[in-house]
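Participant: Show me the folded form of this:
(2 chains)
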Protein chains: 2
Amino acid sequence: MVNIEIIGLIAAAFTTSSFLPQVIKIWKTKQTKDISTTMYIAMLIGTGFWLYYGLIIGSLAIIAANVVSGFLVLFVLLFKFIYKTD
Amino acid sequence: MVNIEIIGLIAAAFTTSSFLPQVIKIWKTKQTKDISTTMYIAMLIGTGFWLYYGLIIGSLAIIAANVVSGFLVLFVLLFKFIYKTD
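Facilitator: Numbering: from 1, shown residues only, chains lettered A, B, ... in the order given. The predicted structure follows:
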């Protein structure tokens, strides 16, 4: 019997770290034209609400996952403005 | 006193729907070169684990959010292969 919280932690690890390859790709190519700014603004607002939710219910996993996601999403947005190509 | 589950639903609505503007942007421009394939593969695996987690704990909100996210992420990946520009 698999501990269900392990499944949640694996899920969080994948969805949180998924933004890292995008940050690295932009860092290398300096190209952001095909990336939707609206997507990352919505994602940043969403992670903000998840962080608030995690703080209220006292879930360290939700807090940690959304602090990391939030920073990575913020990097994509900053890159989008720094390397403005469209 | 705000019902905390409302905060979770708002958070889920933002992070889930955030992929939609990216799908629409690719649909319009047919350009995907700046988008990281690795990011969307990791995100797809992550939403798969979240879906499994939601099914086990019986959370309709987690199930619905990850079915929607999974489809949108799959669309981005399909577009990435259809409109291969790099």
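Participant: can you tell me which helix or strand the nearest residue to A:L55 once chain neighbours are set aside belongs to?
Facilitator: Excluding its sequence neighbours, the residue lying closest to A:L55 (Cβ to Cβ, 6 or more residues apart in numbering or on different chains) is A:I63, at 6.2 Å. For every residue, glycine as well, the C-beta is placed using N, CA and C. Here A:I63, judged by DSSP states H and E, is contained in helix A:60-82.
Participant: For chain A, which segments are assigned as helices?
Facilitator: Here chain A has its helices, by DSSP state H, at A:4-17, A:19-29, A:37-57, A:60-82.
Participant: most tightly surrounded among those?
Facilitator: helix A:37-57 (a mean of 19; mean count of other Cβ atoms under 10 Å in any protein chain shown).
Participant: Identify the residues contacting it?
Facilitator: With contact meaning Cβ atoms under 8 Å, 6 or more residues apart in numbering or on different chains, helix A:37-57 is reached by A:60-63, A:65-67, A:69-70, A:73-74, A:76-77, A:80, B:4, B:7-8, B:10-22, B:25.
Participant: quick one: contacts for the most centrally placed residue in chain A?
Facilitator: The residue lying closest to the centre of chain A (Cα atoms, centre = their mean) is A:S69, at 2.8 Å. Taking Cβ under 8 Å, 6+ apart, we find A:S69 in contact with A:15-16, A:19, A:43, A:47, A:50.
Participant: Tell me which two of those sit farthest apart.
Facilitator: A:F19 and A:W50 (13.7 Å; Cβ to Cβ).
Participant: Kindly report the residues of chain A close to chain B.
Facilitator: A:4, A:7-8, A:10-22, A:24-26, A:29, A:31-36, A:38-40, A:42-43, A:45-47, A:49-50, A:52-53, A:56-57 (Cβ under 8 Å from any Cβ of the partner chain).
Participant: Sweet, I'm off.
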